[in-house]
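A.B. asks: fold the following, please.
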Amino acid sequence: MKKVCGYFGVLVIGLVLAGGLTASATTPAAAPRVVKLSADDTMKYDMTMIEAKPGEMLEVQLTSKGTLPKEAMAHNFVLLAKKADPNAFVMEAAMAKATAYIPAKYKADIIASTSLAGPGETVKVAFAAPKVAGSYTYLCSFAGHFLVGMKGTLLVK
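C.D. replies: Numbering: from 1, shown residues only. The predicted model follows:
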């Protein structure tokens, strides 16, 4: 009987030390705050400023309200790191049709991005806002869209 209790005690202690019996293991993560963004054939987002707290969980839902075919007028949401150069990014993106206008060369500069949305489609991405306060550019990387103003700022404060 002593050996059985001894093994059981070791098992319980092992689970506690490994985090197997902690309250946080069963606590669900907080749902992200949903930000609904839309775009249409004018190549503009309906919202050019999003505010967030450092580290806040966000889910951006981008809906394309355009009517042109996806091949001619798709939209995405790409949030760039503070150090990224948006102009250099979009110049490379324009030539990255094969990778949905996300240039492999700049993947390390992307905090979050969606796939492309065509007319009536909604695409989503969930992410934690940067922990460093400041202004972060978001943009549509479909060829030419940023250049006519399809961009905004995530303001972390």
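A.B. asks: please count neighbours and contacts with C-alpha atoms only from this point.
C.D. replies: Fine.
A.B. asks: quick one: end-to-end length of stretch 124-144, please.
C.D. replies: 22 Å (CA to CA, to the nearest Å).
A.B. asks: ok now that stretch, how far from the chain's centre?
C.D. replies: In terms of CA atoms, centre = their mean, to the nearest Å, the centre of stretch 124-144 is found 7 Å from the chain centre.
A.B. asks: try stretch 84-99
C.D. replies: With CA atoms, centre = their mean, you get 17 Å for stretch 84-99.
A.B. asks: same check, this time on stretch 78-94
C.D. replies: That offset, for stretch 78-94, works out to 15 Å (CA atoms, centre = their mean).
A.B. asks: again, but for stretch 64-74
C.D. replies: For stretch 64-74, the distance to the chain centre is 21 Å (CA atoms, centre = their mean).
A.B. asks: for it, give me every contacting residue.
C.D. replies: 38-41, 75, 116-122, 142 (CA atoms under 8 Å, 6 or more residues apart in numbering).
A.B. asks: can you pull the contacts of the closest residue in space to A94 that isn't next to it in sequence?
C.D. replies: Leaving aside its sequence neighbours, A94 sits nearest to A143 (CA to CA, 6 or more residues apart in numbering; 4.4 Å). Going by CA under 8 Å, 6+ apart, A143 touches 90, 93-95, 101.
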